[in-house]
Structures are given as structure tokens and as C-alpha cells.
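Student: Sequence plus the predicted model coming up.
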Amino acid sequence: MTTLLLTHEACLAHDPGPTHSERAARLAAILDRLSHPDFQPLRREDAPMASKADLLRAHDAAYIDFIFASVPTTGYQPVEVNDVVSDDDGGEVTTLSSRSGEAASRAAGAAIRATEAVMKGEVQNAFCAVRPPGHHALSHKAMGFCVFANVAVAARAAQSLFGAKRVAIVDWDVHHGNGTQQIFEQDPSVTLISLQQLPLWPETGYAAETGCGNILNIPIAPDTPRTTWLQIWQDQVLSRLMAEEFDLLIISAGFDAHRDDPKGSQNLETEDFATLTHDLKRIAELKCGGRVVSVLEGGYDIEASAAASAAHVRALMD
Ligand SMILES: [Zn+2]
């Protein structure tokens, strides 16, 4: 069985500004790595646009309309007021340029198409190399460089369109997947397991935040040793996932817990992202026929996130 890679040129054209850390070079470096002959067996597709009906499964109609109405013909249009007090966010906000509406729609559309292909058995698993990322986007608000909640939209599509009853989401991005949490905190059909550094923007994701019992938040202190991080992963993430039943596993794959990342203060090595991937694949094989959809979130050291993405995709292909 094959691994599907979804991306689109519009995801490179999305431009939040010349000095913004969520820049096209992140994705360009990942795609450059994935152009290596080692990745020739990947099945590759252009990401389709999500429909408004797709987006409505996770977002308010007024918010979707606001985003598309905010897309500028030239220049930059912020669509977020940064109201989370934190000394480490750099003050950057979600910002749109002329291709950003299409890019956000294709980022969500990639996650939906990946879900369709995996649920229908066309491929074993899939990676969506897309931006803008999604896990901070709330149902009604852009946040943290995220416009549409790509992973949440995909989980809802899996249930509405492709026959999944229960979906599990694992979010290993160094930041809390607060948008995913907000969308599913009253929905027991979706389990969210999210590890995040705290303190760190957006300053949520503490263990007491459990939704309706469907959410496991695992805060990790800054400068946690790599071995400790990986032990927490084994003891808390994998054991909770083994206790769940689900028909599809979705990964919010950020690469900013890498030791070289400028936003996080964690110590994971490139090869650790292959280990995480193999661990999740093994459990997915036990629980859901190996069905895994992975969607790019953060990762702000260009070289580190490209190398870690490549290690992740190679592990998906194994
Ligand atoms: Zn992040």
C-alpha cells in the first residue's frame, strides 16, 4: 500500500509578510526534500479546494465569509487580534495575501482528500504538505497563523462522508492545538491527545483541560530532556491511544519540538519524528487498519523542519 502526498502551488503563494516566520520557505524546503528519488514511490496529487459545506463542519458561516471577504487583492491583511499575553510569540498574527483564501481552502481540501483516499483504501496513509497550518484556528476566529482547522475539517469529513464513527487525533506540535480542542471539546466521538510546551503561546493545554473526557493534554516544560519527552510519549500518549477505539488516526504534525526550532525549547532530534511515526503506525494497525492521515502544522527552522518532515514521510512509507 502506498503513501499519498498532497500539496499545491497556492500553499507556497500564501504570504503573511516578508518577515513572518510562517513563510513559504518552510514548505519549499519540505517539498525539495520530498523530490529526492527516495520518495519516488509516493503517490502525488494536487490538493483540491474544500467546499463551504466542508468548512461548515468545523467553522461558523460568518467566519468563513469573513475570511474570504478579507483576502486582499494586493498587500497584506491581518485577520487576527493577538490577545494572548505571552512573551514568546513575537507579536506575529495570522495575515492574508492575495492567494491566501485559495491556499487555506486547499490546505483543508488536502486533509479531506487525504481522508477520503485513506478511508476508501486507495492508499494506506497520507501526508498533507500544506500551509497555512490549522490547529490554532477556532470555529469562529483565525489564530496563530491558522485560517481553517484543517485537521478538524478532515475528522468531520471522515465521519460525515467516509464512514468513520470515531476519530483519534494526536498533536505533537510544540504549541497547543487549541483550535482542535475548541472544536471537539463537547464531541465524544473524537479523541484529541495533544502534547505541548508550557509555558508557551497560546498558554492553554494544561492537564485539567479534558473536554468531555475526550481530550488528553500533556504539558511539557521548556528544556525537557529528549529522553524524558520520549518517555512521556510512551507512557502517556501511546498508552492512552491504546485504550481508545477509532476508525482513523489523524496527526497534527508540527516539527517545532525539534531541538533547532526557534519557537520551541524542546530537544527532539530529526530521527525522533520517524520513531513517533512508527509508534503511531503500529497502533493504527492494531486499531484501525493502519489508516493514518498526517497534516503539516508548525516548524520554523527551515532545515530542521524539512529534515524532520522527510523522516516522518519516510516512516509513513515504510
Ligand atoms: Zn507550533
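Tutor: It's in.

Student: And Leu216, which helix or strand is it part of?
Tutor: In the assignment (DSSP states H and E), Leu216 maps to strand 215-220.

Student: buried sites along that strand?
Tutor: Within strand 215-220, the residues scored as buried using 16 or more other Cβ atoms under 10 Å are Ile215, Leu216, Asn217, Ile218, Pro219, Ile220. All C-beta atoms are positioned from the backbone trio N, CA, C, and that covers glycine.

Student: Closest one to the ion out of those, please.
Tutor: The closest of the buried residues of strand 215-220 to the ion turns out to be Ile220 (Cβ to the ion; 12.8 Å).

Student: Report the contact partners of that closest one.
Tutor: By Cβ atoms under 8 Å, 6 or more residues apart in numbering, Ile220 lies in contact with Leu195, Gln196, Gln197, Leu198, Trp229, Ile232, Gln266.

Student: and the gap between Asp46 and Pro132?
Tutor: Note on Asp46: its distance to Pro132, by Cβ to Cβ, to the nearest Å, is 17 Å.

Student: Which residue, neighbours along the chain excluded, lies closest to Gly264?
Tutor: Using Cβ to Cβ, 6 or more residues apart in numbering and skipping the chain neighbours, the partner closest in space to Gly264 is Val174 (3.5 Å).

Student: Likewise for Val190?
Tutor: Leaving aside its sequence neighbours, Val190 sits nearest to Phe184 (Cβ to Cβ, 6+ apart; 4.4 Å).

Student: Just want the residue of this protein that's nearest the ion.
Tutor: Gly298 (2.7 Å).

Student: what about that residue, neighbour count?
Tutor: For Gly298, the count of nearby residues is 27 (other Cβ atoms under 10 Å).

Student: follow-up on the earlier one: just confirm yes or no for the strand holding Leu216 near the ion.
Tutor: No: using Cβ under 5 Å from the ion, strand 215-220 never reaches the ion; the gap is at least 12.8 Å.

Student: who does that strand pair up with?
Tutor: strand 190-197 (parallel) (DSSP bridges).

Student: Now the strand it pairs with: buried residues?
Tutor: Using 16+ other Cβ under 10 Å as the test for burial, strand 190-197 gives Val190, Thr191, Leu192, Ile193, Ser194, Leu195, Gln196, Gln197.

Student: Kindly tell me how buried the nearest residue to Phe145 once chain neighbours are set aside is, as a neighbour count.
Tutor: If the residues on either side of it in the chain are set aside, Phe145 comes closest to Glu22, at 4.1 Å by Cβ to Cβ, 6+ apart. Counted by other Cβ under 10 Å, the residues lying close to Glu22 total 22.

Student: Likewise for the one 4 residues further on?
Tutor: Around Arg26 sit 24 other residues, with neighbours defined as other Cβ under 10 Å.

Student: quick one: secondary structure of it?
Tutor: helix (DSSP: H, G, I helix; E, B strand; the rest coil).

Student: Test my guess that Ala142 contacts Ile67.
Tutor: Yes: counting by Cβ atoms under 8 Å, Ala142 touches Ile67, with 7.0 Å between them.

Student: which residues are in contact with both of these two?
Tutor: Common contacts of Ala142 and Ile67 (Cβ under 8 Å, 6+ apart): Val79.

Student: With neighbour numbers in mind, choose between these two.
Tutor: More neighbours surround Ala142 than the other of Ala142 and Ile67, with 26 against 22 (other Cβ under 10 Å).

Student: Tell me how far that one lies from Ala24.
Tutor: Distance, Ala142 to Ala24, by Cβ to Cβ: 18 Å.
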